[in-house]
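**Q** Here is my input, please return the structure:
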Amino acid sequence: MKKILYFLLVILMSVTCFFGCAKSSNGDENSGLAEGTIDPSAEKESMPDYLESDEKVFNIGMWVGVPQQCPILDEYDRVTGYRTWTDEEFLEQYQWIADAGFTIAAPPQGTSSQEHILRMLDAAESVGIKQLIWDENVNTILLNTSLSDDDAMAQVRRAMVYYSDHPALYGNMITDEPQMQEYDALGVGEKRYKALFPDKMYYLNLFPVVATTDQLGANSYDEYLTAYIEKVTDEYLCYDHYPLLPGTNGGSRLVEDFLWNMELAQKYMQKSKGEVWTFLQSMGYSNKKDPNCEEDFRSQAAAALAYGIRGIQWFCYCSPGYGGIESFTPAIIALDSTKTQKYDMVKKVNNEILAFDDIYLNFEWKRVMTFIGSNNSKKENNAFNYLTVTNTHERIAGISCGYDMVAGVFKDEDNRDGFLFANYDTPTSENINEVQVSFNNCTQVLCYINGKETALDVKNGIVEMSLNAGDWAFVIPLNIG
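**A** Numbering: from 1, shown residues only. From the prediction side, this is the model:
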């Protein structure tokens, strides 16, 4: 009976402290932060055995890869012609991709010749990355429902014979933003493709939550995603939702439904434990802001990591063009195939993720918590109002933060807890988010701030972190005797 009363007291203290010490998105104010408790009967934890591993690789891809020929521009950045890449130039383009932390290269816009497909695959292999292929002939066969499965697969084998066994092949890109009525054929194609190439990716990208019902071909986004799971695949879900908008005084802000789209995608993938991939924004278009600082890129990636995303892709890598109906700005690589200032920014953010991907990929995402900072005079964040969250966790006695924050909740295979705290102030804010977390059953922590292992002192379960705009910290509390 004493033991039961002790557990009840610990739980009551933890919950009371949690809601009394941090202002969560349902309106509780920051006050003092209570110390964490130690349950003498709690299981002792050990250091993870994957700390020094380098076997798992986070997926970092792109839209618009290296073009088949190098564009020639005039003084007004207009394409006036094309020339053939030398072997040295083409390989250099791929070395830039690898150096910038991309693990998967995309094909260029439009169809590629057989020669270019092999050239891309060979270059990818040379620099140690993978390659997606867009092969319109293969796609047409796969989606042709008038063919029997046997006939279709035989034709696909013949069409892909010259590259299907290439070690750099990651998979085939099938379509972008399909309507729901296309799912039946896409489902047929998926079964055929995976029967032939079970270890390759049958890649397609879905509409975001902001798409209209006419675009979706469905009555709602929920219906659109439900049908995708039922008719196409539950192995992964990929979508694009570009969040950066102009803020005040040249700064940035994020669209309010950016996190919500991640929540919906994870909702449909959690049952099958499939992966969620998403596109992030690396160029300006229409009313979207042209990213111009590391924080613009890092803040997007931080939110994706907090939501357990297993693959990010930057839109775009090579510039698809300038101006036009979409008012495109230069991407990571300019039209003349030179690096823009965005190259080094994306390189920094990508390699921060890769520096700790073996830690991250050993954890399974569970859910997200959201917190309103004590300095938020509005006492709410519209982005959080879209979400369904529970802001308590048995491992956390309390959280205090000066500015808004998203916290991803994770578990590894040995039942260790992990938390990814992502600063959710505006991306270009000059504020420093002073964060305190009080952990229960915690004698020390492992912490990775923007991918770099960072020593944090633990006093009575409490750790302190200072997060700049766009920063994130992955923390593993450990009860080591």
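**Q** Sketch out the low-pLDDT regions of this structure for me.
**A** Along the chain, segments meeting pLDDT under 70 span 1-31.
**Q** ranges for the helices of this protein?
**A** Assigned by DSSP state H, the helices in the chain fall at 2-21, 87-99, 114-127, 136-142, 149-160, 183-196, 213-216, 221-231, 258-269, 294-306, 342-354, 357-360, 382-385.
**Q** F439 is nearest to which of those helices?
**A** helix 2-21 (10.2 Å; C-beta to C-beta). Using the backbone N, CA and C atoms, a C-beta is placed for each residue, glycine as well.
**Q** Q181 and G217 touch, don't they?
**A** Yes - under the criterion of C-beta atoms under 8 Å, Q181 makes contact with G217 at 5.0 Å.
**Q** Which of those two has more residues huddled nearby?
**A** G217 (17 against 11; other C-beta atoms under 10 Å).
**Q** so who does the closest residue in space to that one that isn't next to it in sequence touch?
**A** Spatially, and ignoring its direct neighbours in sequence, G217 is nearest to Q179 (3.3 Å; C-beta to C-beta, 6 or more residues apart in numbering). By C-beta atoms under 8 Å, 6 or more residues apart in numbering, the contact set of Q179 is 215-218.
**Q** Can I have the buried ones of these as a PyMOL selection?
**A** This is how PyMOL selects the buried members of these, with burial counted by 16 or more other C-beta atoms under 10 Å:
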select buried, resi 216+217+218
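**Q** wait, which of the contacts of Q179 is closest to P427?
**A** Among the contacts of Q179, and counting by C-beta to C-beta, the member closest to P427 is Q215, at 27.4 Å.
**Q** How about the contacts made by that closest one?
**A** 177, 179, 207 are the contacts of Q215 under C-beta under 8 Å, 6+ apart.
**Q** List just the nearest of those residues to T37.
**A** Within the contacts of Q215, the smallest distance to T37 is 46.7 Å, found for F207 (C-beta to C-beta).
**Q** could the contacts of Q179 be laid out in CSV, adding distance to E275?
**A** Below are the contacts of Q179 laid out as CSV (distance: C-beta to C-beta, whole Å):
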residue, distance to E275
Q215, 24
L216, 22
G217, 24
A218, 22
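**Q** Check whether T226 really touches Y268, as I assumed.
**A** Yes - between T226 and Y268 there is a contact under C-beta under 8 Å: 7.1 Å.
**Q** more neighbours, the two?
**A** Y268 (17 against 14).
**Q** Quick check: M262 vs Q93, distance?
**A** Per C-beta to C-beta, to the nearest Å, M262 is found 31 Å from Q93.
**Q** what do you get for Y236?
**A** 28 Å.
**Q** Break the protein down into its domains, please.
**A** Domain ranges of the chain: 16-50+364-478, 59-359, per automatic domain parsing.
**Q** so how far is the first residue of the last one from its last?
**A** Looking at domain 59-359, the gap from its leading to its trailing residue is 14 Å under the measure C-alpha to C-alpha, to the nearest Å.
**Q** For it, what is the distance to the chain centroid?
**A** 12 Å (C-alpha atoms, centre = their mean, to the nearest Å).
**Q** And stretch 363-370, by the same measure?
**A** 14 Å.
**Q** Equivalent analysis for stretch 456-474, please.
**A** Mean-position distance between stretch 456-474 and its chain equals 22 Å (C-alpha atoms, centre = their mean).
**Q** Please apply the same query to stretch 427-435.
**A** How far stretch 427-435 lies from its chain's middle: 21 Å, per C-alpha atoms, centre = their mean.
**Q** And for stretch 48-55?
**A** That offset, for stretch 48-55, works out to 21 Å (C-alpha atoms, centre = their mean).
**Q** which parts of that stretch are buried?
**A** 48, 50.
**Q** For it, which outside residues touch it?
**A** 358-359, 362, 412, 414, 416, 446, 476.
**Q** and the end-to-end length of stretch 154-168?
**A** Criterion C-alpha to C-alpha; first-to-last residue distance in stretch 154-168 is 23 Å.
**Q** actually stretch 53-69, sorry about that
**A** Stretch 53-69: ends 39 Å apart by C-alpha to C-alpha.
**Q** Report the buried residues of that stretch.
**A** Those would be 58-68, for stretch 53-69 by 16+ other C-beta under 10 Å.
**Q** With stretch 253-260 instead?
**A** 253-255, 257-260.
**Q** Can you tell me which of these is closest to R367?
**A** Of all the buried residues of stretch 253-260, L259 has the smallest distance to R367: 12.4 Å, by C-beta to C-beta.
**Q** Identify the residues contacting the closest one.
**A** Residues near L259 by C-beta under 8 Å, 6+ apart: 303, 307, 368, 383-384, 386-387, 406.
**Q** how about those in CSV, adding neighbour count and distance to G461?
**A** Putting the contacts of L259 into CSV (neighbours: other C-beta atoms under 10 Å; distance: C-beta to C-beta, whole Å) gives the following:
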residue, neighbour count, distance to G461
A303, 28, 27
Y307, 23, 26
V368, 25, 22
A383, 22, 29
F384, 22, 26
Y386, 16, 32
L387, 18, 27
V406, 27, 22
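**Q** which one of those residues sits closest to A42?
**A** Relative to A42, the closest of the contacts of L259 is V368; by C-beta to C-beta it sits at 24.8 Å.
**Q** mind listing what that closest one touches?
**A** 259, 263, 306-307, 387, 389, 406-409.
**Q** got it, and L132?
**A** Residues in contact with L132 (C-beta under 8 Å, 6+ apart) are 61, 104-107, 170-173, 201, 203.
**Q** Which strand residues bridge it?
**A** Taking DSSP bridges, one finds G171 as the beta-bridge partners of L132.
**Q** From E380, how far out is it?
**A** In terms of C-beta to C-beta, L132 sits 41 Å off from E380.
**Q** Which residue comes closest to A301 once chain neighbours are left out?
**A** Nearest residue to A301 in three dimensions, chain neighbours excluded: V349, at 5.4 Å (C-beta to C-beta, 6+ apart).
**Q** And H116, by the same measure?
**A** Q68 (4.5 Å).
**Q** In this structure the one you found contacts S113, no?
**A** Yes - Q68 lies in contact with S113 (C-beta under 8 Å); the separation is 6.6 Å.
**Q** That's all I had, so thanks and see you.
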